[in-house]
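Q: Take a look and give me a structure for this.
(chains A and B)
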Amino acid sequence: MFDFSHLSLSTVMLRIFLAVFCSGVLGMERENKNRPAGFRTYLLVCLGACITMLLGQYEYYYMAEEVSVDVTRFGAQVISGIGFLGAGTIIITSQQEVKGLTTAAGLWASCCMGLAIGGGNYRCALVGFIIIIGCLELFPNIERYFLNHSLNINVYLEFDELGRIHEILTYIKQQDIQIWDIDIMNAKENISNYPAAIFFLHLQKRQNHEQIIALLSDLKYVLQIEEI
Amino acid sequence: MLLSILDPIRGTGIVSTLFKLFTAVICGGIIGIEREFKRRPAGFRTHILISLGAAMTTLTSQFIVKDLGMPADPGRLGAQVIAGIGFIGAGTIIVSKRNRVKGLTTAAGLWTTAIIGLASGMGFYECSIAATILILFAELVLSKLENLLRERHQEIYLYIEYTGQGYLNQAIEYFRRENISILDVEIIKKKKKNDKNNIAIITIRLHRNISQTNILNDISKFPQTIAVEIV
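A: Numbering: from 1, shown residues only, chains lettered A, B, ... in the order given. Here you go, the predicted model:
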């Protein structure tokens, strides 16, 4: 019968195919959402991880008698290597917002899946694959629910002149909102050439975040407002 | 030594695999939800993906050693997770324009979640569950305690608008006279013509003999002060 747990031509083909298939499905989903890491990125990363793992095993079959071999040594470096790659997809916007973290984590998790496939641990890879798909497909809704019910809200405000901060502060305090911190940028530091500030607010009671944004946009001198 | 009831699910079979990966997902998810709720950049999904990936690595090396019988160091794959997630965490750290560091707790939390994932992947359930509970405890209870301690040694941000030069010297002189320690001074100068005033954000630590209102009164008496506010 077929034995796919030890190296043979059919095993190698099966593993490479599995790696391409699983990462392809994940990548398609990301591609549809227009994320920076798409179909080919996922495919290449996962395939590479799978091949390094195969390489370690190949090394064992051909050299184990002469030298002591650790089949996971190659694969291990993939993990920190993709950590680097993932860190590169993280963006800190001019509004001090961290973006691309889920992309980095997803890419990294799919590289771990590729290692599991290359190592022949199909059941682990399969369960992992299903969870990653679920995580990327279904969980955004859960995440949105928690975000909208959060008592903390960070707001980026752009206004006409620096002196307005005082008025904004008093206005926010009147609304019974606690201010945890502010980060102020003057006109020169901000790319839009207007002074801006990020307010880290803490609501006293559960309130719709859109309401707060609407409240703040009532101020005439506020040019831009965004929840981050 | 450890709970022997868990021994059947410490292996690499399909049931063990399911238990291990789900433990990783649940632990990561719980930590992630708390972060999400506080509106930190790394949320629910990021934590789950990282702890799941970490669990897959240790599970795979255990599989290679135990099931395939190949020579391997069972800790080697997992060891790289520790370095790899360090990099991803580093990406979340922001140094703001005023050289303040943010996102360090997020990075540290992400890293710890990866370690919890490693433990789950090896079937060390006791450790991952205990660690998750402790992290939740630290985030929910100890952060309140931190706030309490802060209230006793109250640190406040003073937002001051002023015109002209030499004002800050005056202010610093005043704080020194009142025995108030200054923790941080941030000065934002006008950079456009229609910005009339300069702004300073001064972080001070109060002591018992002086109240916030006293400070506000005293500072607003300075002739060059335009506005003063406690953030």
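
Q: For the closest residue to residue B:164 other than its chain neighbours, grab phi and psi.
A: Closest residue to residue B:164 apart from its sequence neighbours, by C-beta to C-beta, 6 or more residues apart in numbering or on different chains: residue B:224 at 5.0 Å. (C-beta placed from N, C-alpha, C; glycine too.) When read as degrees, to the nearest 10, the backbone of residue B:224 gives phi -90, psi -10.

Q: Wait, residue B:224 touches residue B:168, no?
A: No: contact criterion C-beta atoms under 8 Å: residue B:224 and residue B:168 do not qualify, at 9.8 Å.

Q: those helices in chain B, which residues are they?
A: Listed in chain order, the helices of chain B (DSSP state H) span B:14-37, B:44-66, B:76-91, B:104-122, B:125-137, B:143-152, B:167-177, B:212-220.

Q: Can you check the pLDDT for residue A:41?
A: pLDDT, residue A:41: 89.

Q: ok, the residue nearest to residue B:95 when sequence neighbours are not counted - how many residues close by?
A: Leaving out its chain neighbours, the residue that sits closest to residue B:95 by C-beta to C-beta, 6+ apart is residue B:101, at 5.8 Å. For residue B:101, the count of nearby residues is 9 (other C-beta atoms under 10 Å in any protein chain shown).

Q: if I look at the residue nearest to residue B:164, how far off is chain A?
A: Using C-beta to the nearest C-beta, to the nearest Å, residue B:224 is found at 14 Å from chain A.

Q: Okay, domains of the chain per the record?
A: You didn't pick a chain, so chain A it is. A:9-145, A:149-227 (automatic domain parsing).

Q: not what I meant, chain B
A: Using automatic domain parsing, the domains assigned to chain B come out as B:4-150, B:153-230.

Q: how distant is the last one from the center of its chain?
A: Here the centre of domain B:153-230 is set off from its chain's centre by 28 Å, with C-alpha atoms, centre = their mean, to the nearest Å.

Q: repeat for stretch B:224-231
A: Centroid separation for stretch B:224-231 versus its chain: 31 Å, with C-alpha atoms, centre = their mean.

Q: same check, this time on stretch A:165-174
A: From the chain centre to the centre of stretch A:165-174 is a distance of 34 Å (C-alpha atoms, centre = their mean).

Q: Any residue of stretch A:147-163 touching chain B?
A: Yes: judged by C-beta under 8 Å from any C-beta of the partner chain, stretch A:147-163 and chain B are in contact via A:147, A:149, A:150, A:151, A:152, A:153, A:154, A:160, A:161, A:162, A:163.

Q: can you pick the most crowded of these?
A: Neighbour count (other C-beta under 10 Å) singles out residue A:162 as the most crowded of the residues of stretch A:147-163 next to chain B, with 27 neighbours.

Q: Geometric centre of chain B: which residue is closest?
A: residue B:105 (1.7 Å; C-alpha atoms, centre = their mean).

Q: For chain A, which helix or strand comes out least confident on mean pLDDT?
A: Evaluated with mean pLDDT, DSSP states H and E, the helix-and-strand set of chain A has its lowest mean pLDDT in strand A:177-185, which scores a mean of 75.

Q: again with chain B
A: Quick look at chain B via mean pLDDT, DSSP H and E: least confident is helix B:143-152, a mean of 73.

Q: low-confidence ranges in chain A?
A: Scanning chain A for pLDDT under 70 picks out the ranges A:1-2, A:187-189.

Q: So for it, the centremost residue is which one?
A: Centroid-nearest residue in chain A, with C-alpha atoms, centre = their mean: residue A:102, separated by 1.4 Å.

Q: where's residue A:153, which helix or strand?
A: strand A:152-159 (DSSP states H and E).

Q: CA-only coordinates of that strand in CSV, if you can.
A: Extracted as CSV, the C-alpha positions of strand A:152-159 are listed here (Å, rounded to 0.1, in the frame of the first residue of the first chain):
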residue,chain,number,x,y,z
ASN,A,152,-11.3,52.7,24.5
ILE,A,153,-11.3,54.7,21.4
ASN,A,154,-8.4,56.4,19.6
VAL,A,155,-9.2,59.3,17.5
TYR,A,156,-7.0,61.2,15.0
LEU,A,157,-8.0,64.8,14.6
GLU,A,158,-6.7,67.4,12.3
PHE,A,159,-7.6,71.1,12.9
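
Q: how many degrees apart are that strand and strand A:177-185 in direction?
A: 50 degrees (axes from the mean of the first three to the mean of the last three C-alpha atoms, to 10 degrees).
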